[in-house]
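Engineer: show me how the following folds:
(one chain, ligands or ions: 2)
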Amino acid sequence: MEEIVSLSDEADPRNTPTQREEGSGTADGRVVESKGKDLIVFDKVSKVYYMGEVEVAALRDVDLAVREGEFIVILGPSGSGKTTLLNLIGGMDTVTSGRLTVNGRDISGLDTRGLTDYRRTQIGFIFQFFNLIPTLTALENVEFALELVERDTREKSLRALEMVGLAERAHHFPSQLSGGEQQRVAIARAIVKSPPILLCDEPTGELDYETGINVLKVMQRINRENGQTIILVTHNSAIAEMSDRTIRLHSGEVAEVIETQTPKDAEELVW
Ligand code: ADP
Ligand code: MG
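Structural biologist: Ligands and ions are numbered 1, 2, ... in the order given. Presented below is the predicted three-dimensional model:
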């Protein structure tokens, strides 16, 4: 019998980024990235902050689709709207106009309870300043994220620490860990619930070169091995070379979208 190969995402629910074929060439020889289906879709999204009389348009008419399993880097100068973009995806803020859908669901229409549930099940957040709880050990910090969701937390938390290479530091407090180790605890905390989307706001901003590379290696591994979609905001344009696509924001607008022809391994990056 003839084998039928479907190219449609919808046709095969088993399609995951890691199982996809390599990108195929177009007529003009360009290679098209073929990750999963569209996961996060911005449709003419604007975000305006009101400060007294003054209106600040943090995002203007943003159209953007992030595919399942993509590693996206967002570049842009300070004040260009990078954090606002992440906060909208993370359900920590709501759009002023336009539509933002995640997995086909319009999250601009969710009420407080819906948003809380969305954040808890779909989103992992990694910040510039780690945001660990100083009185809890590495393991307890990771468990803390999970306790909000389920009961049996120890084994999963240890596994998350193993994933970031910190199993042997499990019982150390944040003050006993280096900056890079603290950031890796923060990554473990973000991934322990296996959220499909990881949002990272300047995750290497406080780290020296070597430590930053180690943190990026962990993120790349999570993206490649677990297929989690990663959106990473940074000032550092060298990090763009490990992305599948880079989006450059300028004054709240998408100024440029660049497909990376051959994403680099994190350890190859230089700055
Ligand atoms: P970035 O992360 O690229 O530095 P932000 O998304 O934080 O940029 O900010 C974009 C613009 O929106 C800036 O002009 C900033 O001052 C403004 N802004 C961000 N958050 C708020 C807020 N909560 N209230 C008022 N203005 C804000
Ligand atoms: Mg910011």
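Engineer: shouldn't F127 be in contact with G205?
Structural biologist: No - using CB atoms under 8 Å, F127 is not in contact with G205; the gap is 9.4 Å. Every residue, glycine included, has its C-beta placed from N, CA and C.
Engineer: those two: who's more crowded?
Structural biologist: More neighbours surround F127 than the other of F127 and G205, with 19 against 15 (other CB atoms under 10 Å).
Engineer: which ones are touching the more buried one?
Structural biologist: Counting by CB atoms under 8 Å, 6 or more residues apart in numbering, F127 touches 186, 201-203.
Engineer: quick one: which of those residues sit in helices?
Structural biologist: Here DSSP state H is the test, and the contacts of F127 give A186 as lying in helices.
Engineer: show me which pair in the contacts of F127 is furthest apart.
Structural biologist: The distance between the two most remote of the contacts of F127 (CB to CB) is 12.3 Å, for A186 and E202.
Engineer: now do the SS call for E162.
Structural biologist: Classification of E162 using DSSP: H, G, I helix; E, B strand; the rest coil returns helix.
Engineer: go through the longest helix seen in the chain and flag the buried ones.
Structural biologist: Ranked by residue count, the top helix of the chain under DSSP H comes out as helix 209-226. Residues of helix 209-226 classed as buried by neighbour count (16 or more other CB atoms under 10 Å): 211-220, 222-223, 226.
Engineer: same question, stretch 240-255
Structural biologist: By 16+ other CB under 10 Å, the buried positions in stretch 240-255 come out as 240-249, 252-254.
Engineer: could you dump those residues to CSV with distance to V270, pLDDT and secondary structure?
Structural biologist: CSV is the format used below for these (distance: CB to CB, whole Å; pLDDT from 0 to 100; DSSP: H, G, I helix; E, B strand; the rest coil):
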residue, distance to V270, pLDDT, secondary structure
A240, 13, 97, helix
E241, 9, 97, helix
M242, 12, 98, helix
S243, 16, 98, coil
D244, 20, 98, coil
R245, 21, 98, strand
T246, 17, 98, strand
I247, 22, 98, strand
R248, 20, 98, strand
L249, 24, 97, strand
G252, 31, 98, coil
E253, 30, 98, strand
V254, 27, 98, strand
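Engineer: from the residues you listed, pick the one nearest T262.
Structural biologist: E241 (9.0 Å).
Engineer: list the contacts for the closest one?
Structural biologist: Contacts for E241 (CB under 8 Å, 6+ apart) come out as 260, 263-264, 268-269.
Engineer: buried ones among these?
Structural biologist: Buried subset of the contacts of E241 (neighbour count, 16+ other CB under 10 Å): 260, 263-264, 269.
Engineer: in strands, which of the contacts of F127 appear?
Structural biologist: Using DSSP state E, D201 are the members of the contacts of F127 that sit in strands.
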